[in-house]
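Q: Below is the sequence, then the predicted model.
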Amino acid sequence: MKCKFSLIASLLFLLWATTPVASLFAKKKAIDVYLIGGQSNATGQGYMVNLPKDFEIDTSVQIFYSDGLRGEGKPLEWSPLCQASESPDRFGVELSMGTKLKELNPQKEIAIIKHALSGSNLFEQWNPGINKKDTANFGEEFKKFVQTVEEGMQKLRDAGYRPMIRGMVWQQGEGDARFDSGKENSEDYGKNLSHFIHRMRQQLRFKRMLFVYGYVIPVQMPRFTGRKDVRQGQRNVDQDSGDRLAVKRAFVVETDDLPLRCDEPNSPYPEDKVHFNTFGILELGDIFAKKIDQNLN
């Protein structure tokens, strides 16, 4: 009888001891986090003043961006979805991507973390090092990106969320294709991008994180002598390429038909055939969101 009582008492104590932990965990609200990185087409060259009147930003989505970017919110603070570019009059894929992801997943809490720098290259500035311990070789933008993501994730946890990084979008490559970047860096872009994806997943501890990226430099121009090599590298990294550089759950999307700055009415850059304009950026964000949604599982 005494033994039976002891068993019941132990079970009751175990239940009492674990219930607060279970309740605390239950209060943590799941939130899906998506990352944005890259150079000028990632910072975004769309203009807020030219947003279509019927485009509505879904402000139930949250955004956190680095102190190098500007928008309606504050850098390194969570805020309702808003522009985050080099100046508050411009925006990137965050607006349409966040809005479309929420439309496709209305039952989910959605958050975006962004850091990008115009003109930055992968081979040096976004260099992720050989592994997590190789901090001496981390590029400045890689370090800043990781710091931004980690700070944003911690602030979500502090606010009572259980954040999970589901995907990252990347719009970059022009900096590695420039004539002054070195032929070897253009030729190594595919290898560097493949390594970057593996390292980013390792660094952030989300091994199944989707990685979606867009082709760069839609029009051949003299200063981008490495265009062909960089785009071939982008093609090879796609999981379905069949190439040795292919990375699972990495997908490249077509961008060559997106409208450019030179096409935008009253554009201050009528000769710019490198950057996507307001409508191109909106469409690219939409494309990214759909590609992510198709491959989430």
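A: Thanks, I have it. Owing to the predicted nature of the structure, the values given are computational and were not obtained by experimental measurement. Numbering: from 1, shown residues only.

Q: I'd like to know how many residues surround the residue lying closest to A246 once chain neighbours are set aside.
A: Nearest-residue entry for A246: Q239, 5.4 Å, with adjacent residues in sequence omitted and distances by Cβ to Cβ, 6 or more residues apart in numbering. C-beta here means a position set from N, CA and C on the backbone, and glycine is covered the same way. Using other Cβ atoms under 10 Å, Q239 is surrounded by 15 other residues.

Q: any idea of the pLDDT on Q239?
A: pLDDT recorded at Q239 is 98.

Q: if I read this right, it contacts A250, doesn't it?
A: Yes. Here Q239 reaches A250: they are 5.3 Å apart, a contact under Cβ atoms under 8 Å.

Q: What part of this protein, helix or strand, is modelled with the least confidence?
A: helix 2-27 (a mean of 46; mean pLDDT, DSSP states H and E).

Q: Can you name the next helix or strand after that helix?
A: strand 29-38 (DSSP states H and E).

Q: Output the helix or strand following that following strand as PDB - backbone C-alpha positions only.
A: Note on strand 29-38: by DSSP H and E, the next helix or strand toward the C-terminus is helix 40-43. Output in PDB follows, covering the C-alpha atoms of helix 40-43 (Å, rounded to 0.1, in the frame of the first residue of the first chain):
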ATOM      1  CA  SER A  40      21.400  47.000 -54.800                       C
ATOM      2  CA  ASN A  41      18.500  45.000 -56.300                       C
ATOM      3  CA  ALA A  42      18.100  43.500 -52.800                       C
ATOM      4  CA  THR A  43      18.200  46.900 -51.000                       C
END
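
Q: Off-centre distance for helix 40-43?
A: The chain centroid and the centroid of helix 40-43 are separated by 11 Å, computed with Cα atoms, centre = their mean, to the nearest Å.

Q: Going forward, count from 4.
A: Done: numbering now begins at 4, and the last item shifts to helix 43-46.

Q: what's the model's confidence in that helix, averaged?
A: Mean predicted confidence for helix 43-46 is 98.

Q: which secondary structure elements does it contact?
A: strand 164-174 (3 or more Cβ pairs under 8 Å, 6 or more residues apart in numbering; DSSP states H and E).

Q: can you pull the buried residues of the strand it packs on?
A: For strand 164-174, burial by neighbour count (16 or more other Cβ atoms under 10 Å) applies to 164, 166, 168-174.

Q: and the angle for that strand with strand 32-41?
A: When axes from the mean of the first three to the mean of the last three Cα atoms, to 10 degrees is applied, the directions of strand 164-174 and strand 32-41 differ by 20 degrees.

Q: Tell me which helix or strand comes right after strand 164-174.
A: Remark: after strand 164-174, the chain's next helix or strand is helix 177-180, criterion DSSP H and E.

Q: Quick one: residues in contact with that following helix.
A: If you take Cβ atoms under 8 Å, 6 or more residues apart in numbering as the criterion, helix 177-180 is touched by 42-44, 122-126, 128, 184, 188-189, 192, 195, 219-220, 227-230, 232-233, 277.

Q: Can you name the element that comes right after that helix?
A: helix 186-190.

Q: Counting by contacts, list what that following helix packs against.
A: Helix 186-190 sits against helix 177-180, helix 230-240, with contacts defined as 3+ Cβ pairs under 8 Å, 6+ apart.

Q: Same list (the ones you listed) but as TSV, adding mean neighbour count and distance to K32.
A: Output for the helices and strands packed on helix 186-190, formatted as TSV (neighbours: other Cβ atoms under 10 Å; distance: least, Cβ to Cβ, whole Å):
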stretch	mean neighbour count	distance to K32
helix 177-180	26	38
helix 230-240	21	34
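
Q: any chance of those helices in CSV, plus distance to F145?
A: As requested, these are arranged in CSV below (distance: least, Cβ to Cβ, whole Å):
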stretch, distance to F145
helix 177-180, 13
helix 230-240, 17
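
Q: if we can go back for a sec, residues shared between the contacts of Q242 and A253?
A: By Cβ under 8 Å, 6+ apart, no residue touches both Q242 and A253.

Q: which residues does D92 contact?
A: 50-52.
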